[in-house]
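Chemist: Attaching a predicted model along with its sequence, questions to come.
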Amino acid sequence: MTDATMTAAPLKPATGPIQWLRDNLFASPFHALVTVLIAWFLFMSLPGLLDWLLFDAVFHANNVRECRAAGSGACWAFIGEKHRLILFGLYPYDEQWRPMLVVLLLLAMVGVSCMRRFWTKWLAPMWAATLVLVGILMWGGVLGLTYVENAKWGGLPLTMILAFVAIAVAMPLGVLLALGRRSDLPAIRAICTIYIELVRGVPAVSLLFMASVMLPLLLPEGMSIDKLLRAQIALIVYASAYLAEVVRGGLQSLSKGQYEAADALGLSYWQKQRLVILPQALRITIPPLVNTIITVFKDTSLVVIIGLYDLMNAAKASIVDPAWRGSSIEAYAFVSVIYFAFCYFMSKYSQGIERRLAKAQQR
Amino acid sequence: MASQPAKTGSGSAAPIPKAPPKKIRGVFWNDPQVRGIFYQILAVGLIAAAVWWLASNTIANLNSRNIATGFHFLSREAGFEIGENLVEYSPADTYFKALLVGVLNTLRIAVIGIILATIIGTIVGICRLSKNWLVAKLASIYVEVVRNIPLLLQLFFWYSMITEFLPGPRDALKPLPGFFLSNRGLKFPLPAQEFAYDLAMVLFAVGLIAAVAVSRWAKKRQNATGQPFPTLWASIGLILGLPIAGWLIGGAPLTFNAPVLQGFNFVGGATLTPEFTALLLGLVIYTACFIAEIVRSGIQAVGKGQTEASMSLGLSKGQTLRLIIMPQALRVIVPPMTSQYLNITKNSSLAVAIGYPDIVSVANTTLNQTGQAIEGVAIIMAVFLTISLSIAAFMGWYNKHIALVER
């Protein structure tokens, strides 16, 4: 108010670690109290957790008794003993380099798909070729590889195959369903809407049950499909409905002018979708698409319920061994880390894309 | 396939006529309307053919396997135990009763799960926006860890935590007097059957209804006259005061039906079974992290100018949150919240993996016993579709209720 304050130089914002603490941890008496309470809680719980995870953990033992005798922490020796079973299920032990190669191959393809440089028309054929290669490696029977029936597949490669095949097949299906739901033809719109809403209205578990108990009844006598394919069909049906809704969101966000412009150019329906609408719609839907892919990846664990040995079930199978009874927390922790690594990477990636899209929109 | 005729259509439109003809008459198969009808007939025909093929296969299969059809089995004796039941049930009851018990179990977990997940999710969502670095960081670690691990895995984790790592009934943990936490679940005392408690329950319901009525009246009066009314305190008074008054009128009894250790297990009191507890913990912790993200983005969607404008009007911080921020944030929050509520309900079907007798688990037992897979699956789908549509309808109504009223 006075002249002095009017002419004084503006105050410099204080910086430095002390100021940071004051701003972010002790901004008010209430914040200070909360900070102290949380710090106390962390001080009480973190050392115990670290002891369990590392300092008191046992890394070498022959069975769970030795483990418990050697230390009060986690029994990581169990993972050392059982990691092959958890990662590859019942796949023949000497042939486990094949599923290992499959995992690396799929990981490499995921890496390639994440790079914009490779977003060309070759990406889809590359995925198709990869899946064929995966099939050859897993089944064998050609090129001097011994044949391994798919009842013996398990662990991480099975989880990845279920997820990636489900998404690869459900993606085009989902696009068609989304277009169908927005079609001008009432019958086609009704069919697509009913399909999407029916599938989204019931739990994924019931779709798996349906596939496992009803598919044998629905097919003609003598024609039977195995458990893996049934689970795969259920996952495809499930994923396609959810992907369709994501794609529909993208379609709806396009302005009407885009459709009208494409019509005015004399493009046919499919040309219009392929050249004008879908490239724009799919680009905006990448973040929610990745989120749906994460959901599908996590939900492959539901095949436990119909008895496939995916990563989740292989972990459950590993703790049945009486020599290692009571190691379930270690097994679940190990598997959690694998699931977490996949999903965390994908969600960070989708957030990155989201930021880039937001930046592109700002101009 | 379908693109082939469409291409010729655009080709025939390409040559530009020198003088505009009075009426463009192409060949009839180039008429989009005719084509639309053709495609629809084709699609419906294909689907009808597929359904007919599947149905005839099914009938042939059912005949050759001697499986009965229809829902007659519902009135037969079920003959299996169900661990948890809200209504009385014994193996001598019918399949219908068994399925009803399953439906009620599903509803119980869904309702409790939705309430708890909403509360925890909202708190965590607000914590993520906290100015306190430690609070925000912890909340975001919780969200990142929990949402990237499959729910089923979390359920197995909690279930084995409870059944393997909690002590047996003899050395049960006693977090509160009368409460026993063991690998048989949580045992806790219940008020004994007495008139005073019944009266309190009835008055609690009356208090709830009265609170709603008072808040409506207060709002109407404030709209008409501008006079505010302390609605919050009046509601709290009604909801808490009436039951306490009822309890006092009934003679203020303090008798409890407490659990007592007898032999190897507890007698009396109420129980949360390990299955129920694990399922509830898993569902709530998992869904709360998604709800937290929804709440956070809802609050962030309200512009900063709104807070500043409200402050300059002289509203307090609480009033700003309640009257300015929340009504606007809710518009963003409610639609995705609806799908989270549907997710809780659908995910409760994972109960089948840890042995909580929900509808999927009971229907699964039923279809294994009777062999009538189609009817069993149909029942599951009908139940979930009904619940889903009810939740969607309710949330749709609520969404309309809070939506922005424009000119």
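Modeler: Ah, there it is.

Chemist: Tell me the spacing between B:L138 and A:I161.
Modeler: Per C-beta to C-beta, to the nearest Å, B:L138 is found 37 Å from A:I161. Placement of C-beta: from N, CA and C, glycine included.

Chemist: what's the answer for B:N343, then?
Modeler: If you measure B:N343 against A:I161 using C-beta to C-beta, the figure is 26 Å.

Chemist: the more surrounded of the two?
Modeler: In this view B:N343 and A:I161 are compared by other C-beta atoms under 10 Å in any protein chain shown, and A:I161 has more residues nearby, 24 against 20.

Chemist: Now do the same contact list for the more buried one.
Modeler: A:102, A:106, A:134, A:138, A:153 (C-beta atoms under 8 Å, 6 or more residues apart in numbering or on different chains).

Chemist: isn't B:P191 right up against B:T255?
Modeler: Yes - between B:P191 and B:T255 there is a contact at 7.4 Å, judged by C-beta atoms under 8 Å.

Chemist: Give the buried residues for the helix or strand where A:I161 lies.
Modeler: Per DSSP states H and E: A:I161 is located in helix A:155-181. For helix A:155-181, a neighbour-count test (16 or more other C-beta atoms under 10 Å in any protein chain shown) marks A:155-171, A:173-175, A:177-181 as buried.

Chemist: Then stretch B:50-65?
Modeler: Those buried within stretch B:50-65 under the rule 16+ other C-beta under 10 Å are B:54, B:57-58, B:61-62.

Chemist: okay, those in a markdown table with pLDDT, distance to chain A and secondary structure next?
Modeler: Below are the buried residues of stretch B:50-65 laid out as a markdown table (pLDDT from 0 to 100; distance: C-beta to the nearest C-beta, whole Å; DSSP: H, G, I helix; E, B strand; the rest coil):
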| residue | pLDDT | distance to chain A | secondary structure |
| --- | --- | --- | --- |
| B:L54 | 84 | 5 | helix |
| B:N57 | 82 | 5 | helix |
| B:T58 | 82 | 5 | helix |
| B:N61 | 79 | 5 | helix |
| B:L62 | 78 | 7 | helix |
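
Chemist: And the closest residue to B:G250 other than its chain neighbours, how far from chain A?
Modeler: The shortest distance from B:G250 to any non-neighbouring residue, by C-beta to C-beta, 6 or more residues apart in numbering or on different chains, is to B:A196 (2.3 Å). For B:A196, the distance to chain A (C-beta to the nearest C-beta, to the nearest Å) stands at 38 Å.

Chemist: ok, now B:Y286?
Modeler: 10 Å.

Chemist: So that residue sits against B:L151, correct?
Modeler: Yes - with contacts counted by C-beta under 8 Å, B:Y286 reaches B:L151, the gap being 4.8 Å.

Chemist: if I pick A:W127, what's in contact with it?
Modeler: Each residue near A:W127 by C-beta under 8 Å, 6+ apart is listed here: A:109, A:113, A:164, A:168.

Chemist: What strand or helix carries the second one?
Modeler: Element membership of A:S113 [criterion: DSSP H and E] is helix A:97-114.

Chemist: what comes up buried for that helix?
Modeler: Here helix A:97-114 shows A:98-100, A:102-103, A:105-106, A:109 as buried, counting by 16+ other C-beta under 10 Å.

Chemist: Assign B:L203 to helix, strand or coil.
Modeler: At B:L203 the chain is in helix, as set by DSSP: H, G, I helix; E, B strand; the rest coil.
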